[in-house]
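**Q** below: sequence and its predicted model.
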Amino acid sequence: MDIVQASWPNEDHMFVFDNVTTHLKRPDGSLSAWKMPKGIPKVGTNWGVEVMVRNSAGKIIYFTDGKPSKTKIRMANGTFKDGSAQPFHFPKGHARGGVFKGMATILEERGYSNMSNVQAECKPNFTCKPGIPHCCCRRMLYNKVDFINVKSTLELACDACSISVLFLPKFHYLETNLIDALDSVTVEQMQK
């Protein structure tokens, strides 16, 4: 990014990437319904996003057995429809202050009722029946705008440098090249 900006300082830049999962990695603690528990954790426990422990240089710290050291961090807050923040942990002063609320409570705060009667996740392996938007708590959160619009680490890095990003749609044919791929992207998408 530095080279592009130094070489063409008066131009607008756009980087085009394929849909490789490494390009779509989100920052630690980003919104994700993937491993959220449905309910409030038991007294004396809490839920958090499990991440690798890193040293000051950003390198993963390993135990002597070769396994990476991990810790749990809080997930970022969600956003209500009106744009205000939705804390996912009970506030200080609450009997369970600092504890994760669970998917059912988060959804009830968003206006849904009787979430205790809705399953956490469709089985097996999050395979929900098509056309049923409220089949399980995980699907309901997964489809919320604040969960969908989480920017990847790559997008955040480009944003910090005022560089636009375009992710190409997934292609299933090996013979597809960049020109063919760009032909399927609308001008409006490129101009964003």
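**A** Thanks, I have the structure now.
**Q** verify the stated contact: Ala157 with Phe17.
**A** No: between Ala157 and Phe17 there is no contact under Cβ atoms under 8 Å: 11.6 Å. C-beta here means a position set from N, CA and C on the backbone, and glycine is covered the same way.
**Q** and the residue lying closest to Gln5 once chain neighbours are set aside, what are its phi and psi?
**A** Distances taken as Cβ to Cβ, 6 or more residues apart in numbering place Cys161 nearest to Gln5, at 6.5 Å, with adjacent residues excluded. The phi and psi values for Cys161, taken as degrees, to the nearest 10, are phi -100, psi 10.
**Q** ok, now which ones touch Cys161?
**A** By Cβ atoms under 8 Å, 6 or more residues apart in numbering, the residues touching Cys161 are Met1, Asp2, Gln5.
**Q** how many neighbours does the first one have?
**A** Read that as Met1. A total of 13 residues lie near Met1 under the criterion other Cβ atoms under 10 Å.
**Q** so who does it touch?
**A** Phe15, Ala157, Cys158, Cys161, Ile163.
**Q** which residues does Val51 bridge with?
**A** Thr71 (DSSP bridges).
**Q** you'd agree it is up against Arg74?
**A** No: Val51 is beyond contact range of Arg74, at 10.7 Å (criterion: Cβ under 8 Å).
**Q** which neighbours do those two share?
**A** Gly29.
**Q** can you give me the strands for the chain?
**A** 14-17, 49-52, 70-73, 78-79, 85-86, 164-167 (DSSP state E).
**Q** can you redo the ones you listed as TSV with mean neighbour count?
**A** Listed next are the strands of the chain as TSV, based on neighbours: other Cβ atoms under 10 Å:
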stretch	mean neighbour count
strand 14-17	15
strand 49-52	14
strand 70-73	12
strand 78-79	17
strand 85-86	13
strand 164-167	16
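**Q** out of the ones you listed, nearest to Leu24?
**A** Nearest to Leu24 among the strands of the chain is strand 164-167 (7.5 Å), distances taken as Cβ to Cβ.
**Q** which pLDDT value belongs to Asp183?
**A** On the pLDDT scale, Asp183 is placed at 68.
**Q** before we move on, what about Leu168?
**A** 76.
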